[in-house]
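Student: whatever this is, show me its structure:
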Amino acid sequence: MIKSKKQFWESIASIIFITTISFFLFTNCMTEIGETIKPLLTFSDDVGIAFDKNAGSMSIEITCNQEWSITKEAGTDWIVVSPTKGKEGITKLTIEVKSNDGETRKGSFTITCSTLQRTITIVQEGQNASIVEPTTIKEIRSMYADMEQAEWVIAEPLKIKGVVISDRVGGNRPSQRDGFIQDKLGDGIAFRVTQSSHSFDMGDELDINLDGAKILNYGGVLMIVFSNKAAKMLAQNVAVAPKVLTIEDILNGWYDGTLVKIKDVQFKTYEELNYYEKGIATNRILEDCNGDNIIVRTTKYATFKDKPLPAGKGNLFGIVSLNNGVWQIAIRNLDDLKEMSNDESTRCKLDVPPVTENFIVADKNDVTFEKEGGEEIIKITANVDWLATTDEFWLKIAPDSGTNDGILTIIASKNEGAERKATITITGGVINKTVLIVQKAAESSSDVATDLFFSEYVEGSSYNKYLEVYNGTGAAVGLSDYRIELYSNGNNEASKTQELTGVLQNGEVIVFKHSKAIIYEDEATVSTVINFNGNDAIALVKISTDTYVDIIGCIGHDPGKAWIDSIDKDLSTLDKTLVRKPSIRCGVTVNPVECFPTLSTEWISYPEDTSDYLGWHTMK
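Tutor: Here you go, the predicted structure:
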């Protein structure tokens, strides 16, 4: 019995010893593993927040991949932040301030996530804060012109007051960040928010603080760029009376960003046509009974894009804008067409001299530019309405439509790469006239890329999906002009989009990843667009020119399980890492007819879950 007890206590001691050692080893291992996780702390918006003198609150989102906590600056009892600590993931942070009966005050709090710390500054106006009177949009335009610079960052207390005239719900805009606002004097301007979208509805009256905002020329459109938090809602459902104009008034005046009503107009061609046909946007010609015409532009995001054009004549409402030197109108929703007739008998009968045959003649069949770029003129002789398009982003055409005779101005940008070619197609009904454009190569074509392009594609195990964009253009590039689009399972419409922000320096990359991807630990942007499979198409789009900058796969085509090379069947987009070859200088700018024709010629294939090449790229 004594021996049995001794054995019992010896067994207990052994268990305690083993448990202690195991726990010690386990916790040490956990520490070592934890130390390899790089802390991440990001915000949904900028880190400077302003309040007026009244009590108020606002929210931001923070993302941290570890536990975090908040410490307020001493003497900031007037600021309340909730919650003050949290765990890994995305957290909505609410910031409240009490009313201020004294002078303007400033305070801050610091968020700590492992070794990372970020400080958010709060400024609240006082009772005696100076009152800033609204500046008119006309004055803003004049001030921008006086600056004589492409981008003006406002560093003074300015603000504008106006009513949103664009329709966020109607969706007829190139980006969810965009819109138009018009002041009480009837002048309008385009705007863009720094976040991925805005919630300003048509009829919302806003007071916008412009201190820190930007004014820039964006694709030929003057635009104000500001944060959502800079806009204060004053009223809703405010009616804005449109300016009643003729097409001639618009073409000969200046009504950029203005809500208009054009009387007695009709679509030039309408039979079996919808507002939108293909591409990023479709242009339709609107004419009046005097024979004047203007473009009606509908993007692929418009909710009414698949509706048929009205057959008759009537009054049309819309927002006028000047895009790359060409006046156009954007319909906001179908209510803008409520005064248009669908009765063909109401149409104008224009006096058109009888002709035996329709024709379009260009005075040049081909044009050659030097590497520096420049302008060339093409004279058009025609007896039909025509549209002019090009298949390359580096070429611009103005105007892109006309009636009968006209003059096309062709503008080529500077060529930093190899010789390049483009085609201008002039279409009128069943007539197609093409003009070949050639631009000579730069002397050092191997040094720079023509634009941004996809430099790496990772379709790995489980959620390990990444996409990398590279800037080899020789200069810093503002990313707000670019968008990534995901086309799933052969669809012609993007299922997910990601608008880029910030500036990408020459020679640098930006990496996007799936939220659950784990094989690459350096900096990467989480995006829902990185939810692709091996059979999906992905596009990099330049917003200002409505053009593709690069395409992986073929939009509108479903290859089955993956894109597979026609010769080497082991070369595919399924369970592979693809890296762009160092010799490549530009992306695929025209959607292929089918398949992924550049898979074998432009990409190097690596095994599943290879991440060694993410975060950097070289050209040779």
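
Student: got phi/psi on L286?
Tutor: The phi/psi pair for L286 (degrees, to the nearest 10) reads phi -110, psi 130.

Student: and the residue nearest to N333 when sequence neighbours are not counted, helix, strand or coil?
Tutor: Spatial nearest neighbour of N333, chain neighbours left out: G170 (3.8 Å); criterion: CB to CB, 6 or more residues apart in numbering. Using the backbone N, CA and C atoms, a C-beta is placed for each residue, glycine as well. Following DSSP: H, G, I helix; E, B strand; the rest coil, we place G170 in the coil state.

Student: shift numbering so it begins at 481
Tutor: In the new numbering, first residue 481, that becomes G650.

Student: distance between the ends of stretch 625-641?
Tutor: 20 Å (CA to CA, to the nearest Å).

Student: so which bits of that stretch are buried?
Tutor: Neighbour counts over stretch 625-641 (16 or more other CB atoms under 10 Å) mark 632, 634, 638-641 as buried.

Student: reformat those as CSV; add pLDDT, distance to V603 and secondary structure.
Tutor: Shown next, in CSV, are the buried residues of stretch 625-641 (pLDDT from 0 to 100; distance: CB to CB, whole Å; DSSP: H, G, I helix; E, B strand; the rest coil):
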residue, pLDDT, distance to V603, secondary structure
W632, 86, 23, strand
I634, 88, 17, coil
L638, 90, 17, coil
K639, 91, 15, strand
I640, 94, 20, strand
K641, 95, 21, strand
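
Student: what's the most distant pair in those?
Tutor: W632 and K641 (19.7 Å; CB to CB).

Student: okay, stretch 716-723 in CSV with CA atoms only?
Tutor: Provided in CSV are the C-alpha atoms of stretch 716-723 (Å, rounded to 0.1, in the frame of the first residue of the first chain):
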residue,chain,number,x,y,z
GLN,A,716,-32.5,67.5,-49.2
ASN,A,717,-34.8,67.3,-52.3
VAL,A,718,-33.9,70.8,-53.4
ALA,A,719,-35.2,71.4,-56.9
VAL,A,720,-32.8,72.9,-59.5
ALA,A,721,-34.3,74.6,-62.5
PRO,A,722,-32.5,73.7,-65.7
LYS,A,723,-31.2,76.2,-68.2
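
Student: gap between that stretch and the chain center?
Tutor: Centre-to-centre, stretch 716-723 and its host chain are 28 Å apart (CA atoms, centre = their mean, to the nearest Å).

Student: what comes into contact with it?
Tutor: 643, 645, 662, 666, 681, 683-685, 735, 738-741, 797 (CB atoms under 8 Å, 6 or more residues apart in numbering).

Student: just the buried ones from those residues, in ChimeraX syntax?
Tutor: With 16+ other CB under 10 Å as the burial test, the buried ones among those are selected in ChimeraX as follows:
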select :643,645,662,684,685,735,738,739,740,797
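
Student: which of the contacts of stretch 716-723 sits closest to L947?
Tutor: Of these, the one sitting nearest to L947 (CB to CB) turns out to be D681, at 33.0 Å.

Student: now do the contacts for that closest one.
Tutor: Contacts of D681 by CB under 8 Å, 6+ apart are 644, 647-649, 716.

Student: looking at this, it is in a strand?
Tutor: No: secondary structure of D681 (three-state DSSP): coil, not part of a strand.

Student: so it versus A530, what's the distance?
Tutor: Distance from D681 to A530, counting by CB to CB, to the nearest Å: 23 Å.

Student: still on that earlier bit, taking the contacts of stretch 716-723 one by one, which sit in strands?
Tutor: Secondary structure from DSSP state E places 643, 662, 685, 738-741, 797 of the contacts of stretch 716-723 in strands.

Student: so how far is stretch 1022-1040 off the chain centroid?
Tutor: Distance, centroid of stretch 1022-1040 to centroid of chain: 14 Å (CA atoms, centre = their mean).

Student: what about it, start to end distance?
Tutor: 28 Å.

Student: one step back: would you agree the residue nearest to N813 is in contact with K785?
Tutor: No: G650 is beyond contact range of K785, at 10.1 Å (criterion: CB atoms under 8 Å).

Student: check what pLDDT G659 gets.
Tutor: For G659, the pLDDT comes out at 94.

Student: show me the contacts for it.
Tutor: Neighbour list for G659: 644, 646, 648, 653, 670-672, 678, 680 [criterion: CB under 8 Å, 6+ apart].
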